[in-house]
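Novice: Model the following, please.
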Amino acid sequence: MAADSAEFFDPASAALAGLPLLIFGFWILRATLPRIGRVLLERGAPAASIFWTATEIAFAACVILLGMELSFFGLRQLAMESVLDSLLATDFGLLLGCVAAYAGGVLATQRQRPGLSRSDALSLTASGMGLAPGVCGARLLKLAVYGGFGVFLAVPVILGVMSVNPYLLELIGYEFATQDVLVSLISMSGVGLVGGLMLATFVGPILEEVLFRGFVQPLAVQGLGPLAGVVLTSLLFGLIHGTAAFLPVFTLSLVLGILRQNSGHLLPAIVAHCLWNAGTMALSL
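Specialist: Numbers count the residues shown, from 1 in each chain. Next up, the predicted model:
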């Protein structure tokens, strides 16, 4: 049945149907999200200072790759072959990358501000990454709600892009295919399925947001301005997800970057990313 469905799938027709959805979704998102932001977000919140550089980002990237390689090596030594290997190795690498990014940010902050105490450097780095200490209660709830509204409003535009994506891939001679990890994950059952869903829905998105919207985007925005910084971060985020998923992931990343930039906090992007992945997994199952 799946093969027969694939034979009758017409990328051009899907793109034609998805284009109005894309335009309508963009209009809805642009018209509505700023109004929600005016209600839920604090006005005039100052931007946190950023002291890390591309050197710290490159170091974190190397740590991620090393962590992934060590994870795959360890899993092979333990003869633990599972469809979760890629998720486990990726998330372990991302976790080490987050630690390296934060440590690098603290060291860079102390280097730029020699008289700063260690505790102040820790706090200043966390604030720069969008995890300002002392934000709690009603403020956190509003940030979470803002992220939920953001991803909900972005659904039409992302679905529109997903409809157009196979046609654009066909134009460049790339054969569209579902991601192998997703196919393997939804074929699982029991504890393995629950563990895979937790990794894909919560752990992975949180770690990715800390690295990209918390560490890369602030530096890109500081150097290039808000628009170019969000776009550059989204380009990098889309590229690591591969050619087939690049355009939808890039679009999602733009929304996440806007949520992060408008709020000055990482929580809206984390909530939105987790909700999107959860919805994707639910529909796949």
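Novice: Give me the average confidence score over the longest helix belonging to the chain.
Specialist: Longest helix in the chain by number of residues (criterion: DSSP state H): helix 138-171. In this model, helix 138-171 has a mean pLDDT of 93.
Novice: Same check on stretch 203-210?
Specialist: Averaging the model's pLDDT scores along stretch 203-210 yields 96.
Novice: ok, now stretch 74-82?
Specialist: If you average the pLDDT values across stretch 74-82, you get 71.
Novice: and the longest helix of the chain, what does it pack onto?
Specialist: Under the contact criterion of 3 or more Cβ pairs under 8 Å, 6 or more residues apart in numbering; DSSP states H and E, helix 138-171 touches helix 11-40, helix 246-263, helix 267-284. Where you see a C-beta, it was placed from the backbone N, CA and C, and this is true even at glycine.
Novice: what's the angle from the first one to helix 246-263?
Specialist: Compare the direction of helix 11-40 with that of helix 246-263 by axes from the mean of the first three to the mean of the last three Cα atoms, to 10 degrees and you get 10 degrees.
Novice: Helix or strand next in line after the strand or helix carrying residue 198, which one?
Specialist: In this assignment (DSSP states H and E), residue 198 forms part of helix 190-198. On the C-terminal side of helix 190-198, the nearest following helix or strand under DSSP H and E is helix 204-211.
Novice: And the contacts of that following helix?
Specialist: Contacts with helix 204-211, where a contact means Cβ atoms under 8 Å, 6 or more residues apart in numbering, come from 60, 64, 87, 90-91, 94-95, 97-98, 101, 129, 131, 237, 256, 260, 266, 269-270, 273-274, 276-277.
Novice: so how far is it from its chain's centroid?
Specialist: If you compare the mean C-alpha spot of helix 204-211 with that of the full chain, they lie 6 Å apart, counting by Cα atoms, centre = their mean, to the nearest Å.
Novice: same question, stretch 238-249
Specialist: With Cα atoms, centre = their mean as the basis, stretch 238-249 stands 11 Å off its chain's centre.
Novice: pLDDT on stretch 109-119, on average?
Specialist: Averaged across stretch 109-119, the pLDDT comes to 90.
Novice: For that stretch, buried residues please.
Specialist: Applying a neighbour-count criterion of 16 or more other Cβ atoms under 10 Å, the buried positions in stretch 109-119 are 109, 110, 116.
Novice: So which of the residues you listed is the closest to residue 158?
Specialist: When these are ranked by distance to residue 158 (Cβ to Cβ), residue 109 comes first, at 35.5 Å.
Novice: need the contact list for residue 65.
Specialist: Listed by Cβ under 8 Å, 6+ apart, the contact partners of residue 65 are residue 93.
Novice: ok, now with 10 Å
Specialist: Residue 65 makes contact with 93, 96, 97 under the criterion Cβ atoms under 10 Å, 6 or more residues apart in numbering.
Novice: What of residue 37?
Specialist: Residue 37 makes contact with 43, 146, 149, 150, 258, 259, 262, 263, 268, according to Cβ under 10 Å, 6+ apart.
Novice: The second one reaches residue 35, doesn't it?
Specialist: In other words, residue 146. No. If you go by Cβ atoms under 10 Å, residue 146 and residue 35 don't touch, sitting 11.5 Å apart.
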